[in-house]
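**Q** My questions concern the predicted model and sequence given below.
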Amino acid sequence: MRLEDLQVDLQPRAPRQALDLGTWILARHAAKAWAAWAAAWLPLVAIAMALCLIPYGAGLAGLFLWWIRPLPERVVIAVLAHGTFGQDLSVRETMRTVRAQGLSGMARFLTWGRPLGAGRCLFQPVWQLEGADADLAGRRSNHLGLDGASRSAFLWGIACSHFELVLTLGVVGFISLFLPSEDVVNPFALFSLLKEDETSVLLGMVNVAAYGLAAGIVAPFYTAGGFSLYLSRRSQLEAWDIELVLRRLVGRLGKLAAPLALALALLPSALHAGNCPDSLVAKIPVAIHSSSRDAQDQAAQRVVDSLFAQESHRTWACETRWIPDNPATPEVDPETPRLMQGFGEFMVAAAPALKWIFIVGFLGWLVWLLWTHRDLVSEMSIELEVPQGTSSSVDTPIREAPLPRDVGAASLDSWSRGLRREALSILYRATVQVLEERHGLVLAKGSTEGLCLRELARKSGPVREAAEPVVRAWTAAAWADRWPDDDGFRNLVSRWRSYLGNGL
């Protein structure tokens with residue numbers, strides 16, 4: 001690869017700008033880059049899905065795909081490296097090139113360097129493209145990572161890993177939306193079904209496929225960003241931009257090489273002619289100054305001056321500033337619009353008044369909010385003023401209290417006194433306690449009614465027939481304010497006593 005064939009305008013850039021350049025490079029070679037990546041990545045995804053068939057294979061398959069990622073990234077580097085220098089390779093030619101380059105550095109990137117290798121995208125081109133030995137490649141990597149380049153590559157890798165996580169969860173959540181659910185739409189229903197042995201293999205394959213799709217989208221961007229940062233660092237350290245300008249200058253001045261060589265050849269003869277006899281001097285033809293040669297020299301000088309006048313090659317700047325004689329009294333710029341100046345003075349003068357206007361407006365909004373919701377405030381005050389043990393048609397707030405000895409009698413007594421929420425709460429809490437202590441129901445702390453119904457769906461027999469109506473009645477009352485009638489509540493208590501109430 002020749003430096004003159006470089007298709008990228010390499011200029012001194014900050015690391016973040018160099019990473020952004022990688023997106024443009026990838027867009028120029030998107031079709032070939034993703035085709036080569038798919039040819040190397042899809043067989044690895046197939047191997048990972050096959051690992052799901054063995055016990056605990058889902059976790060092992062995900063770890064395998066994550067760990068082996070540096071290997072297929074080499075094909076993307078090869079595509080971008082040849083494309084940047086004007087060489088378009090097919091997928092088959094890219095694979096041959098990667099095989100010919102060997103596995104230099106893979107022992108490092110696939111072993112101890114893999115867990116902490118978020119910034120490997122900057123250093124992989126050193127091992128793959130430069131063909132240096134381990135000692136030289138290590139020193140080159142350390143040198144390229146200076147001036148914040150290593151930190152930028154590491155942060156770029158962390159950002160790309162977050163993009164992969166979001167895409168993976170998005171794919172899994174999208175699939176979960178189409179799974180049947182008893183209560184509400186759950187975007188993470190796919191994870192909860194992993195507990196079932198008969199579907200764990202299929203669900204493990206789905207998760208592996210979701211990660212494979214996410215990595216297949218993000219990985220070329222990650223590799224392209226590291227490759228462009230590698231090019232930018234080499235350009236800064238080896239002055240590629242200056243070398244390219246000099247080479248182009250040599251190409252433009254190539255036409256003047258022959259006249260300059262002839263002038264240098266005639267110069268010693270002209271100097272030696274001063275010591276010759278007059279007869280010989282008269283016979284030496286005097287070189288006539290050519291106006292065309294002067295025009296070419298002036299054109300070449302103008303080219304050189306225009307190159308060094310560019311911002312990228314200028315090391316100095318000339319500015320003309322006016323300094324007032326009396327800096328303590330700054331003068332108003334006459335070009336400043338008087339309207340803007342007047343507006344600024346008005347805002348400075350009106351700031352205290354505006355502050356009080358906002359404060360009064362906020363207090364007025366609070367008063368209006370309390371007045372429009374005064375019915376709700378009055379109901380809350382009534383609930384707080386109801387004495388303990390008195391009858392009220394308004395349900396009192398639930399307080400966590402020990403369950404009574406006779407749950408059925410206590411719940412019926414509360415229902416008869418109008419404390420419907422307390423009655424259903426006693427019956428619901430007793431149901432959950434009996435299911436956990438006697439029937440092996442496993443519920444985490446803070447589990448919702450929907451999770452309780454899902455666990456009950458795995459039970460069968462009279463226990464489920466007695467417990468499920470209680471949970472559904474409590475859910476309808478607590479969330480939709482739909483209460484059972486008196487006969488319905490008595491039937492709930494009677495069935496609960498028959499199948500669940502032994503000992504409570």
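**A** Everything's here; your move.

**Q** Contact partners for residue 75?
**A** Under the criterion of CB atoms under 8 Å, 6 or more residues apart in numbering, the neighbours of residue 75 are 36, 37, 39, 40, 94, 95, 98. Yep, even glycine has a C-beta here, placed from its N, CA and C like the rest.

**Q** if you set the cut-off to 6 Å instead, what comes out?
**A** Contacts were defined as CB atoms under 6 Å, 6 or more residues apart in numbering; by that measure residue 75 touches 36, 40, 94, 98.

**Q** mind listing what's buried in the longest helix anywhere in the chain?
**A** Longest helix of the chain, by residue count under DSSP state H: helix 200-238. Buried residues in helix 200-238, defined by neighbour count with 16 or more other CB atoms under 10 Å: 200-201, 203-216, 218-236.

**Q** same thing with stretch 41-57?
**A** Neighbour counts over stretch 41-57 (16+ other CB under 10 Å) mark 41, 44, 45, 48, 49, 51, 52, 57 as buried.

**Q** Now find how far off-centre it is within its chain.
**A** How far stretch 41-57 lies from its chain's middle: 26 Å, per CA atoms, centre = their mean, to the nearest Å.

**Q** what packs against the longest helix of the chain?
**A** Applying 3 or more CB pairs under 6 Å, 6 or more residues apart in numbering; DSSP states H and E, one finds that helix 200-238 contacts helix 15-28, helix 30-51, helix 73-84, helix 120-129, helix 149-176.

**Q** continuing past the fourth one, what's the next helix or strand?
**A** Toward the C-terminal end, the helix or strand that comes next after helix 120-129 (DSSP states H and E) is helix 134-144.

**Q** so residue 499 touches residue 467, yeah?
**A** No - using CB atoms under 6 Å as the test, residue 499 is too far from residue 467 to be in contact (8.1 Å).

**Q** out of those two, which sits in the more crowded spot?
**A** Neighbours were counted for residue 499 and for residue 467 using other CB atoms under 10 Å; residue 467 has more, 25 against 15.

**Q** quick one: that one from residue 402, how far?
**A** 21 Å (CB to CB, to the nearest Å).

**Q** Next secondary structure after the lowest-mean-pLDDT helix or strand in the chain?
**A** Sorting the helices and strands of the chain by mean pLDDT, DSSP states H and E puts helix 278-283 at the bottom, at a mean of 42. Later in the chain than helix 278-283, the nearest helix or strand by DSSP H and E is helix 291-308.

**Q** How far off centre is that next one?
**A** The answer for helix 291-308 is 51 Å, by CA atoms, centre = their mean.

**Q** In PDB, list the C-alpha atoms belonging to it.
**A** C-alpha atoms of helix 291-308 as PDB (Å, rounded to 0.1, in the frame of the first residue of the first chain):
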ATOM      1  CA  SER A 291      11.500  34.200 -19.800                       C
ATOM      2  CA  SER A 292       9.600  30.900 -19.900                       C
ATOM      3  CA  ARG A 293      11.900  29.500 -17.200                       C
ATOM      4  CA  ASP A 294      11.200  32.500 -15.000                       C
ATOM      5  CA  ALA A 295       7.500  31.900 -15.400                       C
ATOM      6  CA  GLN A 296       7.800  28.300 -14.400                       C
ATOM      7  CA  ASP A 297       9.900  29.200 -11.300                       C
ATOM      8  CA  GLN A 298       7.400  31.800 -10.300                       C
ATOM      9  CA  ALA A 299       4.500  29.300 -10.700                       C
ATOM     10  CA  ALA A 300       6.300  26.800  -8.600                       C
ATOM     11  CA  GLN A 301       7.000  29.400  -5.900                       C
ATOM     12  CA  ARG A 302       3.300  30.300  -5.900                       C
ATOM     13  CA  VAL A 303       2.400  26.700  -5.400                       C
ATOM     14  CA  VAL A 304       4.800  26.300  -2.400                       C
ATOM     15  CA  ASP A 305       3.500  29.600  -0.900                       C
ATOM     16  CA  SER A 306      -0.100  28.500  -1.200                       C
ATOM     17  CA  LEU A 307       0.700  25.200   0.500                       C
ATOM     18  CA  PHE A 308       2.400  26.700   3.500                       C
END
